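Chemist: Fold the following, please.
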Amino acid sequence: MNFVDTARAYTTSECIIGEIIKGFRSKCMIAAKTLARTADDVEKDLRTSLSELRTTGVDLCQLHNVNSEETGHHSAATIFCDDNVRE
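Modeler: Numbering: from 1, shown residues only. Got it, this is the predicted structure:
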């Protein structure tokens, strides 16, 4: 197994995963999900996730629970046009 999926909404998941992957982070891919819908909130969630996972980056950041086309379009337009989030 080398792909790990987690989300801020999974409560203690990130802390547990951070402990498990300690020492071999470079051998696994991490996907993190956020319920945030603004660039600022995505950045905040991502910083918290990185801290709890004890890593400097994730391989994939996903919008969690996009349940309508309107939400998806609004979130993507708001978030992915922000240079800080893309970095």
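Chemist: Is the residue nearest to the spatial centre of the chain in a helix, a strand, or coil?
Modeler: In the chain, the centroid-proximal residue (CA atoms, centre = their mean) is Ala32; its distance is 2.9 Å. Classification of Ala32 using DSSP: H, G, I helix; E, B strand; the rest coil returns strand.
Chemist: what's near enough to touch it?
Modeler: When contacts are counted by CB atoms under 8 Å, 6 or more residues apart in numbering, Ala32 touches Thr6, Ala7, Arg8, Glu14, Asp45, Leu46, Ser49, Leu53, Val58, Leu60, Cys61, Gln62. Backbone N, C-alpha and C define where each C-beta goes, glycine included.
Chemist: partner residues bridging it?
Modeler: Beta bridges link Ala32 to Thr6, Cys61 when assigned by DSSP bridges.
Chemist: any idea how far Met1 is from it?
Modeler: According to CB to CB, to the nearest Å, Ala32 stands 17 Å off from Met1.
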